[in-house]
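# need the 3D shape of this:
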Amino acid sequence: MDVGRGHQEAPPGGVVGEITAAGGTAESAALDVRDRDAAVDTDAAHAAVSRAPRPPGPWTTRPVDHPARGPSGLPGRPGSRPTRAPSPTQATGNPAACPPPPIAAAKFMQACLIVSWVTAMLLPMSDPTPVIDDLREESAELDRLVAELGTEQWALATPAPRWTVAHQIAHLAWTDHSSLLAVTDQDAFAREVEKALAAPGDFVDNGAEDGAAKPPGRLLADWRAGREALDQALRAAPPRARFPWYGPPMSVASMATARLMETWAHGLDIADALHVTPTPTDRLRHIARLGVRTRDFAFGVHGLPVPFEEFRVELTAPSGERWTYGPEDADDRVTGPALDFCLLVTQRANRADLALEAVGPDADRWLDIAQAFAGPPGPGRTPKGDTP
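Sure thing, here's the model as predicted:
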């Protein structure tokens, strides 16, 4: 959905910038969210963190570290020369490994909800139950983090400009509702798409604003009820069913993967606001797989030649298990912790702060531009050492 919302900076009263990449995202639409007169002063809210009880769950407190966000200033590197015949997708000249958008590009690039584009590239699973189970666990963990927050803490600022903790949960609840309609009431979902196309620059932020205006207890109850309903609907759906979305249709597994990635990424933004650090789990395997599958998209969205050769990716899971992707004899390789790779592809951390290693010029360039969400590339986070 709107994973990238956590890393964008919006100019005052304006939009993030020109939308130029195919398969775009609502995160790059207008971010001029209305100021709420009832909002609690954020300085007072941050002060409340130290007085609040530590939330239950696998979290550790950490010092305040809210790095400034802005352009990453990534150096440009040319792509490698092809060494074998291009694939059919590459031969078409389409830089992203996915079909053209099904609706007018300009509207699509503003209205598309981001993860549908990239998760559509995942092959259907014969049994999507494991990823649905992991989505449920990821949501429950985030629930434990926010369940006992006071009113002031719900108003804490997160890394997403003008989005508070309440906005983050409201956004997740809103997307769960859209997903539920796509699975259970496609006529109603079609009407939601029409609304999105009528206000492509505002519909994501409006959904978050509406939810954030609710009392915290009501917002929390709505999020819980919505995600439970979606969980049941996904489990009841035929495993290989596909559902309409704002971009390409989504399979059961793709939708669950998309929801898991977004829950994890927005959960990190909330944890950042609360100055706690979540304990990583092997649920990251779904996000890591998605990050690997979106390699070609990352090159294409930056206007760079897509490498013809596969990369070897070797990641160490939080449990110590080794996750591998691609041929063992690949010239270009990426190695490191799975957590760091997932932070990179969701743009929740700068490459300079991660223990990822690249061998080969194309793999090295990929780590500069990787993103597991569709749409224009975001500025990402600045290195921690660059924090004023």
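# top helix in this structure by residue count?
Scanning the chain for the helix with the most residues, using DSSP state H, yields helix 252-274.
# what is the mean pLDDT for that helix?
In this model, helix 252-274 carries a mean pLDDT of 96.
# I'd like to know which elements that helix is packed against.
On a contact count with 3 or more CB pairs under 8 Å, 6 or more residues apart in numbering; DSSP states H and E, helix 252-274 meets helix 115-119, helix 129-146, helix 165-184, helix 216-236, strand 276-278, helix 284-293. Backbone N, C-alpha and C define where each C-beta goes, glycine included.
# restrict it to CA atoms and write it as CSV.
Only the C-alpha atoms of helix 252-274 are listed here, as CSV (Å, rounded to 0.1, in the frame of the first residue of the first chain):
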residue,chain,number,x,y,z
VAL,A,252,-4.1,-14.3,-1.9
ALA,A,253,-0.4,-14.7,-1.0
SER,A,254,0.5,-11.4,-2.7
MET,A,255,-2.2,-9.5,-0.8
ALA,A,256,-1.0,-11.1,2.5
THR,A,257,2.6,-10.3,1.7
ALA,A,258,1.7,-6.7,0.9
ARG,A,259,-0.1,-6.3,4.1
LEU,A,260,2.7,-7.9,6.1
MET,A,261,5.3,-5.6,4.5
GLU,A,262,3.3,-2.5,5.2
THR,A,263,2.4,-3.5,8.7
TRP,A,264,6.1,-4.1,9.5
ALA,A,265,7.3,-0.9,7.8
HIS,A,266,4.7,1.4,9.4
GLY,A,267,5.3,-0.4,12.6
LEU,A,268,8.9,0.7,12.4
ASP,A,269,7.8,4.3,12.0
ILE,A,270,5.6,4.0,15.1
ALA,A,271,8.5,2.4,17.1
ASP,A,272,10.7,5.2,16.0
ALA,A,273,8.2,7.7,17.4
LEU,A,274,8.1,5.8,20.7
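# deepest-packed of the helices and strands packed on helix 252-274, please.
Ranked by mean neighbour count, the helices and strands packed on helix 252-274 are led by helix 115-119 with a mean of 29 (mean count of other CB atoms under 10 Å).
# end to end on stretch 179-191, go ahead and measure it.
Stretch 179-191 has an end-to-end distance of 13 Å (criterion: CA to CA, to the nearest Å).
# one step back: the longest helix of the chain versus helix 165-184: what angle between them?
170 degrees (axes from the mean of the first three to the mean of the last three CA atoms, to 10 degrees).
# mind listing what's buried in helix 252-274?
252-274 (16 or more other CB atoms under 10 Å).
# same check, this time on stretch 378-388
For stretch 378-388, by 16+ other CB under 10 Å, it's 378-383.
# make JSON lines from the residues you listed and add distance to V359 to it.
JSON lines is the format used below for the buried residues of stretch 378-388 (distance: CB to CB, whole Å):
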{"residue": "G378", "distance to V359": "26"}
{"residue": "P379", "distance to V359": "27"}
{"residue": "G380", "distance to V359": "22"}
{"residue": "R381", "distance to V359": "24"}
{"residue": "T382", "distance to V359": "26"}
{"residue": "P383", "distance to V359": "22"}
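# closest one of those to T279?
R381 (20.6 Å; CB to CB).
# show me the contacts for the closest residue to the closest one other than its chain neighbours.
The spatial neighbour of R381 that comes closest, neighbours along the chain excluded (CB to CB, 6 or more residues apart in numbering), is N350 at 4.8 Å. Residues in contact with N350, defined by CB atoms under 8 Å, 6 or more residues apart in numbering, are 72, 380-384.
# 7 Å - rerun?
Going by CB atoms under 7 Å, 6 or more residues apart in numbering, N350 touches 72, 380-383.
# tally of neighbours for Q186?
12 (other CB atoms under 10 Å).
# is it true that it touches A241?
No. Judged on CB atoms under 7 Å, Q186 makes no contact with A241 at a distance of 11.4 Å.
# where's the dip in pLDDT among the buried residues of stretch 378-388?
G378 (71).
# helix, strand or coil for it?
Taking DSSP: H, G, I helix; E, B strand; the rest coil as the rule, one finds G378 in the coil state.
# isn't it right next to R348, touching?
No. Using CB under 7 Å, G378 is not in contact with R348, being 10.8 Å away.
# identify the contacts common to the two.
By CB under 7 Å, 6+ apart, no residue touches both G378 and R348.
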